[in-house]
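*Asks:* give me the fold of what follows.
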Amino acid sequence: MGVAILRSQIQFPDPRLSDHEGLVAMGGDFNSARLLLAYRSGIFPWTVDPITWWSPNPRAIFELDTFHVSKSLARVIKREVFQITIDQAFDEVIRGCAASGKGRGSTWIIPEFIEAYCRLNREGHAHSIECWQAEKLVGGIYGVAIGGLFAGESMFHRVSDASKVALYSLHQHLREREFALFDIQMLTPITTQLGAIEIPRNAYLDRLARATDLPRTFAPE
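*Replies:* Residues are numbered from 1 along each chain as shown. Reported below is the predicted structural model:
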């Protein structure tokens, strides 16, 4: 199947028919309705010029009953080295994820992404977990919540272990809120170390359909 070219109508082809790399479509825009439909469909954007939409196979997730905490990370968590907040600095978190730094090359989170996801946050669809130290933001993670799905997008740290603690805190929060699916798109060395796994795309899409129908909210009432 050739790659679909999106027009003004908000729709996506079946991600099961994407090419071997997971490219589903090109074109369209970043309006909120299209982005939310993408996540409901198991698809996410990756580039801007041109806009590309992806659904990789296999798909990386965290099971919500599994998170590997090393002894060193457990000590950091127990000592409460960081103060954790929810949705208190979304714009700062996504800009932190976009910033280049030691060990980070160029980023795909360019101004068009920042504008679109900050809008989703204002509309109540995108959320962040923040790690603070001495009242300074030192790490965080953000993503999109739909029903019982949380789609993690990116994380950053300015202090050692801050992103790991943010990810652990998000995982615990999703368990407490009884979410069903924690998507992280693709494995990285850090998420693999913390217990993330890959599942076939078809299995992911089946679980996604059930998760997005659940009546869940990310933030406490």
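*Asks:* show me the domain layout of the chain.
*Replies:* Structural domains annotated on the chain: 4-57, 61-199, as defined by automatic domain parsing.
*Asks:* in contact with Ile5, which residues?
*Replies:* Ala25, Met26, Gly27 (CB atoms under 8 Å, 6 or more residues apart in numbering). (Glycine included, C-beta is placed from N, CA and C.)
*Asks:* what's the answer for His171, then?
*Replies:* Counting by CB under 8 Å, 6+ apart, His171 touches Phe62, Leu64, Phe67, Phe182.
*Asks:* narrow these to those in strands?
*Replies:* Phe62, Phe182 (DSSP state E).
*Asks:* closest to Gln88 among the contacts of His171?
*Replies:* Phe182 (21.0 Å; CB to CB).
*Asks:* just to revisit the earlier point, go through the domains of the chain and find the least confident stretch.
*Replies:* Here the lowest mean pLDDT among these goes to domain 4-57, at a mean of 91.
*Asks:* and that one, end to end?
*Replies:* The stretch domain 4-57 measures 18 Å between its terminal residues, going by CA to CA, to the nearest Å.
*Asks:* just stretch 139-158 next, same as before
*Replies:* 6 Å.
*Asks:* same check on stretch 16-32?
*Replies:* 23 Å.
*Asks:* pick the one among the contacts of Ile5 closest to Ile86.
*Replies:* Taking CB to CB as the measure, Ile86 lies nearest Ala25 of the contacts of Ile5, at 32.6 Å.
*Asks:* on that earlier part again, turn the domains of the chain into TSV, including distance to Phe218.
*Replies:* TSV is the format used below for the domains of the chain (distance: least, CB to CB, whole Å):
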stretch	distance to Phe218
domain 4-57	13
domain 61-199	4
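*Asks:* among those domains, which comes closest to Ala209?
*Replies:* Of all those, domain 4-57 comes closest under CB to CB, at 8.6 Å.
*Asks:* hmm, Pro99 is touching His157, no?
*Replies:* One correction, residue 99 is Ala, not Pro. No: assessed by CB atoms under 8 Å, Ala99 is found out of contact with His157, at 11.1 Å.
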